[in-house]
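Trainee: Take a look and give me a structure for this.
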Amino acid sequence: MSEEVTIKVRDNGPYLVRGPVKLVDVDGNEFALPAEAFVLCRCGHSSTKPFCDSTHKTIEFKSQVRAESTPAG
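Mentor: Numbering: from 1, shown residues only. Take a look at the predicted model:
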């Protein structure tokens, strides 16, 4: 059984990606990943896009997204 991939939306920060994943650009070229867990820019201001460089802290990026709850059933 393969490990599950999860993407966590962090409050006021980047997407945290964990698990075995391939990240490709629009042409299908694969990015070299820094580790099996890495962060993707969400604020749009990183100088290392698509990866986060913590610029969101200096520009005071704010976003606290929550998934809608669905009733069990």
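
Trainee: can you pull out the helices in the chain?
Mentor: 55-58 (DSSP state H).

Trainee: residue contacts, the spatially most central residue of the chain?
Mentor: The residue lying closest to the centre of the chain (Cα atoms, centre = their mean) is Tyr15, at 2.4 Å. By Cβ atoms under 8 Å, 6 or more residues apart in numbering, Tyr15 lies in contact with 7-9, 39-40, 42. In this view, the C-beta of every residue, glycine as well, is placed from N, C-alpha and C.

Trainee: Could you identify which of these has the most neighbours?
Mentor: Compared across the contacts of Tyr15, Val39 has the highest neighbour count, 21 neighbours, by other Cβ atoms under 10 Å.

Trainee: so, if you compare the contacts of Tyr15, which one comes nearest to Lys49?
Mentor: Nearest to Lys49 among these, counting by Cβ to Cβ, is Leu40 at 8.6 Å.

Trainee: hey, what's the closest one bridged with?
Mentor: Beta-bridge partners recorded for Leu40 (DSSP bridges): Tyr15, Phe51.

Trainee: what's the spacing between it and Thr70?
Mentor: 25 Å (Cβ to Cβ, to the nearest Å).

Trainee: circling back: of all the contacts of Tyr15, which comes closest to Pro20?
Mentor: Ile7 (13.0 Å).

Trainee: give me every residue that touches that closest one.
Mentor: Ile7 neighbours (Cβ under 8 Å, 6+ apart): 15-18.

Trainee: Next up, the contacts around the nearest residue to Thr6 once chain neighbours are set aside.
Mentor: Nearest residue to Thr6 in three dimensions, chain neighbours excluded: Arg18, at 5.1 Å (Cβ to Cβ, 6 or more residues apart in numbering). By Cβ under 8 Å, 6+ apart, the contact set of Arg18 is 5-8, 36-37.

Trainee: Take these and write them to a markdown table, including pLDDT.
Mentor: Putting the contacts of Arg18 into a markdown table (pLDDT from 0 to 100) gives the following:
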| residue | pLDDT |
| --- | --- |
| Val5 | 95 |
| Thr6 | 97 |
| Ile7 | 97 |
| Lys8 | 97 |
| Glu36 | 87 |
| Ala37 | 95 |
